[in-house]
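Q: sequence unknown, structure follows:
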């Protein structure tokens, strides 16, 4: 039977199995930066963000200059997880979040082997 529990902002999003924790931010409102630890060469960086409230957040990963928006629902928790496998993510850095004061958000940063694309999903 599928789970009907909604994701909660009481704690930051979980990482995929096999990923190691590199940084975490508990529930926050407004702008904040989350430092993350150095990793092994070839590892990917995973950023999992959750938010709730009227508006959106913008997540920026430095030093690799990757960013993504996340639309937040007023009555439900929105969660997205993005994997970054660019050269340079093995260095330590900072994930910055821009958010209005009406939005609550949390974030988890992890490191691990890059996931392989599923050939069945191609094309």
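A: Yep, that arrived. All values derive from a computational prediction rather than experimental measurement. Numbers count the residues shown, from 1 in each chain.
Q: Can you give the contact residues for the worst-scoring helix or strand of the chain on mean pLDDT?
A: Using mean pLDDT, DSSP states H and E, strand 78-84 stands out as the lowest-scoring helix or strand of the chain, at a mean of 93. Contact partners of strand 78-84, identified using C-beta atoms under 8 Å, 6 or more residues apart in numbering, comprise 7, 13, 16, 44-52, 59, 61, 64, 66, 68, 70-72, 114-115. (Glycine included, C-beta is placed from N, CA and C.)
Q: Just the strands from the protein, written as ranges.
A: 20-29, 32-36, 44-52, 55-62, 66-72, 78-84, 93-99, 104-112 (DSSP state E).
Q: where does this structure dip in pLDDT?
A: 1-8, 117-123 (pLDDT under 70).
Q: Can you flag the buried ones in the contacts of strand 78-84?
A: 13, 44-52, 59, 61, 64, 66, 70, 72 (16 or more other C-beta atoms under 10 Å).
Q: quick one on the thing from earlier: tell me the strands beside the least confident helix or strand of the chain, with direction?
A: strand 44-52 (antiparallel) (DSSP bridges).
Q: Can you check what angle separates the partner strand from strand 93-99?
A: Per axes from the mean of the first three to the mean of the last three C-alpha atoms, to 10 degrees, the angle that strand 44-52 makes with strand 93-99 is 20 degrees.
Q: Strand 44-52: how far from the chain's middle?
A: 1 Å (C-alpha atoms, centre = their mean, to the nearest Å).
Q: Then stretch 34-44?
A: 14 Å.
Q: now swap in stretch 98-115 and tell me
A: On C-alpha atoms, centre = their mean, the centre of stretch 98-115 falls 3 Å from that of its chain.
Q: buried residues in it?
A: For stretch 98-115, by 16+ other C-beta under 10 Å, it's 99, 103-112.
Q: Dump those into CSV; add distance to residue 85 as well.
A: Below are the buried residues of stretch 98-115 laid out as CSV (distance: C-beta to C-beta, whole Å):
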residue, distance to residue 85
99, 26
103, 28
104, 29
105, 24
106, 23
107, 19
108, 17
109, 14
110, 13
111, 11
112, 11
